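Novice: Have a look; sequence and predicted model below, questions after that.
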Amino acid sequence: MTTKTILRMGDPRLLDTSEVVGDLPNAEIDQLIVDMLDTMDANDGAGLAAPQIGIFKRVVVFGVDQNARYPDTDNVPLTILINPEIEILAQDVEESWEGCLSIPGMRGLVPRYTKIRYKGVDQTGEVIDRTVEGFHAIVVQHECDHLDGILYPMRIPDMSYFGFEEELSQPTEEQE
Ligand code: NI
C-alpha cells in the first residue's frame, strides 16, 4: 500500500488546471489510481482528486459505503472517474458542510447544485454516465472542482460558516 502525501491549501499547485487524460488503458494511470485509492482510504476520505497528490491529470476517485464510516449519508458507489464533465440539471442549490483532505481540520458551508449528470470514463475507457442527487452530487462537484484549481473555501458565500471542525457547533460532514 502506497500512501502519498496530500498537498495542502496554500500550495500553489492546488490552483493549477489539470490535463485531460489521453489513451486508456494506461499503466501510468492505473498506478495513479492505486495510489489515489490507498491514500483516500488511509485518510478516511470520501473522495480524492489526482492534483491533491501532485499529479495534474483529470482523474478523481470517490465512494462512500453507507454501512461503514458514514452511516448518515447516501451510499455512493466506489467510482474511478477520468475526464469528467458535469451537466447541471436543476438550478436548485443546497448548502451543506464540506471538508477536504487538503484542508485538514476545517469545515465550511458550501452551496452546490442538487441534481447533476456526470459523464466520463473509468480506467479501462468504459463510459460512465450517471444522473445523481444529494451527497453523491456534492462529492462529484467537490472533486471535479479540484481539477480546475478550485478549493471549497472559494465557494463559501458567507465566511462566518468556515472554521475549525473542533470549534463549529454544526454536525460535521465527510472529508472530500
Ligand atoms: Ni477536496
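Specialist: That came in fine, so what should we check first? Residues are numbered from 1 along each chain as shown.
Novice: Could you use CA atoms for every contact and neighbour count after this?
Specialist: OK.
Novice: Based on its surroundings, how many neighbours for residue 60?
Specialist: 26 (other CA atoms under 10 Å).
Novice: part of a strand, is it?
Specialist: Yes. Under DSSP: H, G, I helix; E, B strand; the rest coil, residue 60 sits within a strand.
Novice: who are the neighbours in contact with the closest residue to it other than its chain neighbours?
Specialist: By the measure of CA to CA, 6 or more residues apart in numbering, the closest residue to residue 60 outside its immediate chain neighbours is residue 49, 4.3 Å from it. By CA atoms under 8 Å, 6 or more residues apart in numbering, residue 49 lies in contact with 36, 58-61, 143-144, 146-147.
Novice: Which of these has the largest number of neighbours?
Specialist: residue 59 (31 neighbours).
Novice: wouldn't it be in contact with residue 85 here?
Specialist: No. Residue 59 lies out of contact with residue 85 (CA atoms under 8 Å); the separation is 11.4 Å.
Novice: In this protein, what residue lies closest to the ion?
Specialist: At 3.8 Å from the ion, residue 100 is the closest residue in the chain, using CA to the ion.
Novice: Note down every partner strand of the longest strand anywhere in the chain and its orientation.
Specialist: Counting by DSSP state E, the longest strand found in the chain is strand 76-88. Here strand 76-88 has these sheet partners by DSSP bridges: strand 59-64 (antiparallel), strand 115-121 (antiparallel).
Novice: got these as CSV, with distance to residue 30 columns?
Specialist: Below are those laid out as CSV (distance: least, CA to CA, whole Å):
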stretch, distance to residue 30
strand 59-64, 11
strand 115-121, 13
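Novice: And for residue 129, the neighbour number?
Specialist: Neighbourhood size, residue 129 [other CA under 10 Å]: 14.
Novice: what's the closest non-adjacent residue to it?
Specialist: With CA to CA, 6+ apart as the criterion, residue 129 has its nearest non-adjacent residue at 4.4 Å, and that residue is residue 119.
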